[in-house]
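**Student:** next input, structure requested:
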Amino acid sequence: MSIQNFMKCVILCGGKGTRINELTQEMPKSLLMVGERPMLLRLIDHYAKYGVNEFILCLGYQGNKIKEYFKLNPSRYKIEMVDTGENVTKAERLLKVKNLLGEKFFVAYGDDLSDVDINDLASFYNKNNKIALLTAIRPYNPFGVIKIDENTGEVKEFKEKPLMNEWINGGFFIFDKKIFNYFAEGDELEKEIFEKLVRDKQIIAFKHNGFWKSMNNLKDYKELNSMYERGELK
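**Tutor:** Numbers count the residues shown, from 1 in each chain. Have a look, this model is predicted:
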């Protein structure tokens, strides 16, 4: 099974972005510029590089601005924009586009960027025969970490913002449509639904050690643009 079997990618871009409301009062977070391109377009271009050319945008907050953007900047890819509501969960957004999906499909958050290889992601998913795949990443600790002698209290080592030992959910999913059998009213994707998949051993993690960055707050926004200015983002 090739990547052609996952031709559609659902992008969840309907949230209000309250943690970055300095910039999102008049603009959806996914349209914030990173360099010369909005976050959303960078995400679309990344998938398109691997042959994915159909996208379903789950709109919500300021969704009209996203529609307006693509009206003024027509895409060469097939993009369907679906109003999925403002105050709804990610799971509810997915349910509202269920009828547009094939048996297997990509799902991405609209505020994460990564250099994860989508071909490798699809290949790993195909080998494991599970309902769901998530991309696991190891972020840097936002704080400096110290090692302390348990007996004397002496500081033995100090590391400034080291790579964390734990893995976290970095998004960039692949789902089989069977995932909808796990949905119940009020369930959230990353909580109840994933917990049910864990219980049934139907979710796997693709470990990605390369670049990954989420735009959660103003600091992240500034860091992404600084990376662009330094030539670390194309």
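
**Student:** and the strands in the chain?
**Tutor:** If DSSP state E is used as the criterion, the strands of the chain fall at 8-13, 33-34, 37-38, 54-59, 78-83, 104-109, 112-114, 132-137, 145-148, 155-159, 168-169, 173-176, 203-208, 212-214.

**Student:** need those in CSV (columns: mean pLDDT, distance to F194 and mean neighbour count).
**Tutor:** In short, each C-beta sits where N, CA and C put it, glycine included. Supplementary listing: the strands of the chain in CSV, determined by pLDDT from 0 to 100; distance: least, CB to CB, whole Å; neighbours: other CB atoms under 10 Å:
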stretch, mean pLDDT, distance to F194, mean neighbour count
strand 8-13, 95, 15, 24
strand 33-34, 92, 28, 18
strand 37-38, 93, 29, 18
strand 54-59, 95, 18, 24
strand 78-83, 95, 23, 15
strand 104-109, 95, 12, 23
strand 112-114, 93, 17, 20
strand 132-137, 95, 8, 22
strand 145-148, 79, 28, 11
strand 155-159, 72, 31, 10
strand 168-169, 90, 8, 14
strand 173-176, 96, 10, 23
strand 203-208, 96, 6, 18
strand 212-214, 91, 18, 19
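
**Student:** of these, which is nearest Y221?
**Tutor:** Taking CB to CB as the criterion, strand 33-34 is the member of the strands of the chain that comes nearest to Y221, at 8.0 Å.

**Student:** out of the helices and strands in the chain, which is least certain?
**Tutor:** Averaged element by element with mean pLDDT, DSSP states H and E, the chain has its least confident helix or strand at strand 155-159 (a mean of 72).

**Student:** can you pull the contacts of K8?
**Tutor:** Going by CB atoms under 8 Å, 6 or more residues apart in numbering, K8 touches 52, 54-56, 100-102, 105-106.

**Student:** for L31, same thing?
**Tutor:** Under the criterion of CB under 8 Å, 6+ apart, the contact partners of L31 comprise 38-40, 62, 65-66, 69.

**Student:** OK, contacts around the closest residue to T18 other than its chain neighbours?
**Tutor:** Leaving out its chain neighbours, the residue that sits closest to T18 by CB to CB, 6 or more residues apart in numbering is T24, at 7.7 Å. Residues in contact with T24 (CB under 8 Å, 6+ apart) are 16-18, 32, 61-62.

**Student:** confidence score at I3?
**Tutor:** For I3, the pLDDT comes out at 58.

**Student:** got it, and L40?
**Tutor:** With respect to pLDDT, L40 has a value of 95.

**Student:** picking that back up, and the gap between the residue nearest to T18 and L32?
**Tutor:** Using CB to CB, to the nearest Å, one gets 8 Å for the distance from T24 to L32.

**Student:** next one: I148
**Tutor:** 40 Å.

**Student:** and if you look at M7?
**Tutor:** With distances taken as CB to CB, M7 is found 27 Å from L32.

**Student:** pLDDT below threshold where in this protein?
**Tutor:** Within the chain, the segments meeting pLDDT under 70 span 1-6, 141-143, 149, 160-164.

**Student:** repeat the analysis, applying 80 as the threshold.
**Tutor:** Under the criterion of pLDDT under 80, the regions of the chain flagged as low confidence span 1-7, 16-23, 139-145, 149-165, 234.

**Student:** centroid residue for it?
**Tutor:** A centroid search over the chain (CA atoms, centre = their mean) returns Y109, at 3.0 Å, as the residue closest to the centre.

**Student:** contacts only, for it.
**Tutor:** Contact criterion CB under 8 Å, 6+ apart gives 11-12, 171, 214 as the residues in contact with Y109.
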